[in-house]
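Engineer: Return atomic coordinates for the entry below.
(4 chains)
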Number of protein chains: 2
Amino acid sequence: MTRKKLPAMSPSETEILRLLWSLSSGTVQDVCDRLPPGREIAYATVQTLLRRLEKKGYVTHQAKGKAHVFSPTARRENVIRRSVTDFVDKLFGGDPVPLMLHLVDETHLSHDDYERLKKIIDQAGRQDKREPKQG
Amino acid sequence: MTRKKLPAMSPSETEILRLLWSLSSGTVQDVCDRLPPGREIAYATVQTLLRRLEKKGYVTHQAKGKAHVFSPTARRENVIRRSVTDFVDKLFGGDPVPLMLHLVDETHLSHDDYERLKKIIDQAGRQDKREPKQG
DNA sequence: TGACAAATTTTACATTTGTACGAATAATAA
DNA sequence: TTATTATTCGTACAAATGTAAAATTTGTCA
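Structural biologist: Here you go, the predicted structure:
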């Protein structure tokens, strides 16, 4: 299946799509309710953003009573992968390592987070040895 | 000293500023020469971007012969910190941990990178224990 | 069935972004 | 000093973005 490459999302669109993911699916109102305190944008604005996301292919909707229930179409993983790649390209010339170092340095992590991270890194590192060059 | 908060950079501006960092300072032409192959934008475009960066306060210039030599004013660390924070806010609701996990998972790292990362994480984790709540 | 409320659609609009041409200017070589 | 060349400056402009008011439609309750 030729998975079409969707047009890039704007930051605000990204923000909205994230909220929709956290809801699985929802109406404009639902998304509005998820806006964090301090981030106040009008209902109509959220709606515009959802419409644009739909036009770009990131979400779809289905009528439910008088309201529209929106749901994400693109897989979260894929969208994130692309966003991260773009970001790393612009700010780090494509090399993710400096970003990782930055994150570890700048983030206050809980002990659990450290353990989890270490574990994952260990795993990834070991896997790396087992599959030296497989695509 | 009340360090003023600079207006956000656009992705293209970020890209250009990154190149300027890598040069320490340089003319429009210098920056153009640093554009990676495949990324071709006109001299005049680069110039506009630098001009806008200057207006926003990220770079400054000084005349050197007939050319202008641009140099970054904002500290790289700070700009990166802010960019990363913004990005994490939009895509992960402010929690950097999922981004770290994603990066470790998705990135093909060299053995050295793994070691380096592990070391840094260990260090950060230990430091975390020694300073339980100091700002 | 008619009024009311909730939601959508339509339309709008200032700003930012990406991109660049052409004119002006300054250095330089002849 | 003049022609040439490199470089900036001013200007432009379509598309994307952030934001939303106004108009309209659609359920729903009395």
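Engineer: isn't residue A:32 right next to residue A:46, touching?
Structural biologist: Yes: the pair residue A:32 / residue A:46 is scored as a contact, 5.3 Å apart, by CB atoms under 8 Å. The C-beta positions use only the backbone N, C-alpha and C, and glycine is treated the same way.
Engineer: Give me the more crowded residue out of these two.
Structural biologist: residue A:46 (22 against 18; other CB atoms under 10 Å in any protein chain shown).
Engineer: Surely that one is in contact with residue A:26?
Structural biologist: No: contact criterion CB under 8 Å: residue A:46 and residue A:26 do not qualify, at 10.7 Å.
Engineer: which neighbours do those two share?
Structural biologist: Common contacts of residue A:46 and residue A:26 (CB atoms under 8 Å, 6 or more residues apart in numbering or on different chains): none found.
Engineer: domain assignment for chain A?
Structural biologist: Annotated domains of chain A cover A:11-72, A:95-135 [automatic domain parsing].
Engineer: Can you flag the weakest of those by average pLDDT?
Structural biologist: Here the lowest mean pLDDT among the domains of chain A goes to domain A:95-135, at a mean of 81.
Engineer: Run the contact check for the biggest helix by length in chain A versus chain B.
Structural biologist: When chain A is parsed with DSSP state H, its longest helix is helix A:111-130. Yes: using CB under 8 Å from any CB of the partner chain, helix A:111-130 reaches chain B at A:111, A:113-114, A:116-118, A:120-122, A:124-125, A:128-129.
Engineer: hmm, back to that, got CSV for the domains of chain A, with distance to residue A:87 too?
Structural biologist: Output for the domains of chain A, formatted as CSV (distance: least, CB to CB, whole Å):
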stretch, distance to residue A:87
domain A:11-72, 11
domain A:95-135, 8
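Engineer: mind putting these in TSV, distance to DNA strand C included?
Structural biologist: Shown next, in TSV, are these (distance: least, CB to the nearest atom of the strand, whole Å):
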stretch	distance to DNA strand C
domain A:11-72	3
domain A:95-135	19
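Engineer: who wins for proximity to DNA strand D among the ones you listed?
Structural biologist: domain A:11-72 (3.2 Å; CB to the nearest atom of the strand).
Engineer: ok, how many other residues are close to residue A:17?
Structural biologist: With other CB under 10 Å as criterion, residue A:17 counts 26.
Engineer: and what of the one 5 residues further on?
Structural biologist: Each residue near residue A:22 was counted by other CB under 10 Å, and the total is 11.
Engineer: circling back to that earlier point, please check the residues of helix A:111-130 next to chain B and keep the buried ones.
Structural biologist: Buried subset of these (neighbour count, 16 or more other CB atoms under 10 Å in any protein chain shown): A:113-114, A:117, A:121, A:124-125.
Engineer: coming back round to it: any idea which of the domains of chain A is most buried?
Structural biologist: Of all the domains of chain A, domain A:11-72 has the most neighbours on average by mean count of other CB atoms under 10 Å in any protein chain shown, namely a mean of 16.
Engineer: Could you pull out the strands in chain A for me?
Structural biologist: A:59-64, A:67-72 (DSSP state E).
Engineer: show me what contacts the residue nearest to the spatial centre of chain A?
Structural biologist: Per CA atoms, centre = their mean, the C-alpha nearest to the average position across chain A is that of residue A:80, at 4.2 Å. Neighbouring residues of residue A:80 by CB under 8 Å, 6+ apart: B:91, B:102.
Engineer: And it, how far from DNA strand C?
Structural biologist: 20 Å (CB to the nearest atom of the strand, to the nearest Å).
Engineer: Distance-wise, check that residue relative to residue B:22.
Structural biologist: Going from residue A:80 to residue B:22 by CB to CB, to the nearest Å gives 27 Å.
Engineer: can you check residue A:119 too?
Structural biologist: Using CB to CB, one obtains 35 Å as the distance from residue A:119 to residue B:22.
Engineer: Can you pull the residues of chain A lying near DNA strand D?
Structural biologist: Proximity of chain A to DNA strand D (CB under 7 Å from any atom of the strand) is limited to residues A:8-13, A:41-42, A:44-45, A:47-49, A:52, A:63, A:65-66.
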